[in-house]
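[1] test case, fold it:
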Amino acid sequence: MDLKAKIATMKQKLIEISKYRIFQYSFLIHIIYMIFSIILILVWFENLSDFKVFYKATEVFINDISDLYNRANYPYPYRYFPLSVIIFIPFYFMGFDLGFIMFTIFNFFLNIIICIYVYKIIKLTRGKDHEKEDKRIITYLCLYFMGLPQVSNYFLGQNNLIVTLMIILSLFIFLKYDNLKMEFLASLLLGISIVVKPVTLAMIPFLLLIRFNIKNKKLEINFIKSIIRVVGCLIPLSLNLIYFFFIPKLWTDFITTNFTGTEPVDINFSFSVSKIIINLYYFLGFDYNQMLILIIVLIIFGGLGFLFFIIRKYNQNSMIYGYLMGILLTLIVYFDSWDHHLLSFTPLLIIIIFNLPRNSEIEKKSIKPSFMFFNFINLGFMGLFVLTAPFFPFNFIPTIFLILTFYGISKYLLIQNEKSE
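    Numbering: from 1, shown residues only. Next comes the predicted model:
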């Protein structure tokens, strides 16, 4: 199909989708999110915006990169890899106000592209017992489009949608193509997402093509593809090591800011398991070692998650579950898991809803409830935490839904059979 025909097909598809009432509502609501975010930040809450941190970090990166992680430079700590600021250079030279507006519009178009590729992935991987028409897919994509994590992302001026697009594009390439060149490209995109925001770092082990066949008691490994995937993923990440090597202070400050300092463990409404445990120790007045807590939680959930992935029953779309497990482990393990991070999580939940057998118990009791909670309810518990923090500093309900999702995915990896393919 040539470009002209593709454009005509896309135009016809858009006309069909625009007739759905839920699409009209979601589009209007999304525009309202954008407008209110721009007004609130530019008029009243500039220093509450993470975009202000990225903006200042870009200035420091250009003028004195050795001072990149100096807390005094920002309203909040800058916790990302040095090269992540490159994305913000064009917006920095626009000035803060225009830069924020253009970055918001940029995020809007990223959301559209994300929805398009989530749709494409669903069409590739949709279970055989699902409806063949697209109405239900459009409904879920519209729910994502009007989800409350979008509010957090626009208001804060966060970079999550760049990460999400890289995740979804790489997943699409992995699923659609089966050659080493495309495998490398997909891994490269995932590596870029890690540079932008390390939330996808835990996805690297799930790129490995390794499975233990319990029935035959045989370990199956594709060394070539696994190496290409890991190397492709690590190349963008390794570029940051150049800065860390030549400016050792950057590495020390990066580790302190993200792991060993006091700010990563401040009392806040993060809903990770590590944060809940740390808040408990703090609330009870007990001493604790934050890194030890993180390592223990990582060993428990990361170990189980990777084990279940390795001993999974055969599934040609197992990459989807590996991607979700990787993001899920970051949300469970790392100190800071926020509402806006869910924009990299909920699209994968939608894909899995359509990959699982229609009306399966796992979908009804685990994946779908988790999607609805994180898409529409989670933000309310952040507000509730603010009211209860002085006497009950635990935002634990979202944590329960993370564990529920972990349980559902783990169960499916272990019980699925070839008839469900």
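[2] right, and the helix or strand after the helix or strand that contains residue 121?
    When elements are assigned from DSSP states H and E, residue 121 belongs to helix 96-125. Next helix or strand after helix 96-125 toward the C-terminus (DSSP H and E): helix 135-145.
[3] ok, and for that following helix, which residues are buried?
    137-138, 140-145 (16 or more other CB atoms under 10 Å). For the C-beta atoms, the positions are set from N, CA and C on the backbone; glycine is no exception.
[4] picking up where we left off before, quick check: mean pLDDT of the helix holding residue 121?
    Regarding helix 96-125, the rounded mean pLDDT is 97.
[5] flag every buried residue along it.
    Neighbour-count burial for helix 96-125 flags 96, 99-101, 103-104, 107-108, 110-111, 114-115, 117-119, 121-122, 125 (criterion: 16+ other CB under 10 Å).
[6] then stretch 20-30?
    For stretch 20-30, the neighbour count (16+ other CB under 10 Å) marks 22-23, 26, 30 as buried.
[7] what residues does that stretch touch?
    If you take CB atoms under 8 Å, 6 or more residues apart in numbering as the criterion, stretch 20-30 is touched by 17-18, 108, 111, 135, 138-139, 142-143, 145-146, 150.
[8] what does stretch 91-108 give?
    Outside stretch 91-108, the residues that touch it by CB under 8 Å, 6+ apart are 30, 34, 37-38, 41-42, 46, 49, 51-52, 55, 58-59, 62, 88, 153-154, 157, 161.
[9] show me the shaky parts of the protein.
    1-3, 261-265, 314-315, 416-421 (pLDDT under 70).
[10] quick check: the farthest pair among the contacts of stretch 20-30?
    108 and 135 (24.0 Å; CB to CB).
[11] for the stretch 201-350 of the chain, which segments count as helices?
    223-246, 248-255, 273-284, 290-297, 303-310, 318-333, 346-355 (DSSP state H, counting those that start in this stretch).
[12] want to throw those helices into TSV with mean neighbour count and distance to residue 385?
    Formatted as TSV, the helices of the stretch 201-350 of the chain follow (neighbours: other CB atoms under 10 Å; distance: least, CB to CB, whole Å):
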stretch	mean neighbour count	distance to residue 385
helix 223-246	16	33
helix 248-255	16	28
helix 273-284	19	10
helix 290-297	16	20
helix 303-310	17	27
helix 318-333	24	16
helix 346-355	25	20
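[13] make JSON lines out of the ones you listed and add distance to residue 379.
    JSON lines is the format used below for these (distance: least, CB to CB, whole Å):
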{"stretch": "helix 223-246", "distance to residue 379": "31"}
{"stretch": "helix 248-255", "distance to residue 379": "29"}
{"stretch": "helix 273-284", "distance to residue 379": "17"}
{"stretch": "helix 290-297", "distance to residue 379": "24"}
{"stretch": "helix 303-310", "distance to residue 379": "26"}
{"stretch": "helix 318-333", "distance to residue 379": "15"}
{"stretch": "helix 346-355", "distance to residue 379": "13"}
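[14] check contacts around the closest residue to residue 140 other than its chain neighbours.
    Of all residues not flanking residue 140 in the chain, residue 350 sits nearest, at 4.8 Å (CB to CB, 6 or more residues apart in numbering). By CB under 8 Å, 6+ apart, residue 350 lies in contact with 118, 122, 140-141, 144, 371.
[15] of those, which pair is most distant in space?
    Maximum distance among those (CB to CB): 13.6 Å, for 122 and 371.
[16] which one of the buried residues of helix 135-145 is nearest residue 257?
    For the buried residues of helix 135-145, the nearest to residue 257 is residue 144 (31.3 Å; CB to CB).
[17] find the nearest non-adjacent residue to the closest one, please.
    The shortest distance from residue 144 to any non-neighbouring residue, by CB to CB, 6+ apart, is to residue 346 (5.8 Å).
[18] for residue 221, list the residues it contacts.
    Residue 221 is in contact with 208-210, counting by CB under 8 Å, 6+ apart.
[19] filter those residues down to the ones in strands?
    Cross-referencing the contacts of residue 221 against strands under DSSP state E gives residue 210.
[20] most surrounded residue in the contacts of residue 221?
    Counting neighbours by other CB atoms under 10 Å, the top entry in the contacts of residue 221 is residue 208, with 19 neighbours.
[21] re the thing from before, quick check: the residue nearest to residue 140 vs residue 200, distance?
    Plainly put, residue 350 is 18 Å away from residue 200 if you go by CB to CB, to the nearest Å.
[22] next, format the contacts of residue 350 as a markdown table and append distance to residue 284.
    Formatted as a markdown table, the contacts of residue 350 follow (distance: CB to CB, whole Å):
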| residue | distance to residue 284 |
| --- | --- |
| 118 | 43 |
| 122 | 46 |
| 140 | 42 |
| 141 | 44 |
| 144 | 39 |
| 371 | 34 |
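[23] just name the closest of those residues to residue 398, please.
    Residue 398 lies nearest to residue 371 out of the contacts of residue 350, by CB to CB, at 12.8 Å.
[24] count residues in the vicinity of that closest one, would you?
    When neighbours are defined as other CB under 10 Å, residue 371 has 26 of them.
[25] could you do the one 4 residues further on as well?
    Burial measure for residue 375: 23 neighbouring residues, criterion other CB under 10 Å.
[26] and for residue 152?
    Around residue 152 there are 23 residues (other CB under 10 Å).
[27] what's the angle from the helix or strand hosting it to helix 96-125?
    Element membership for residue 152, per DSSP H and E: helix 149-156. Angle of helix 149-156 versus helix 96-125, following axes from the mean of the first three to the mean of the last three CA atoms, to 10 degrees, is 160 degrees.
[28] buried residues of helix 149-156, list them for me.
    So helix 149-156, judged by 16+ other CB under 10 Å, has buried residues 149-156.
[29] what's the closest of the residues you listed to residue 8?
    Among the buried residues of helix 149-156, residue 150 lies closest to residue 8 (CB to CB), at 30.3 Å.
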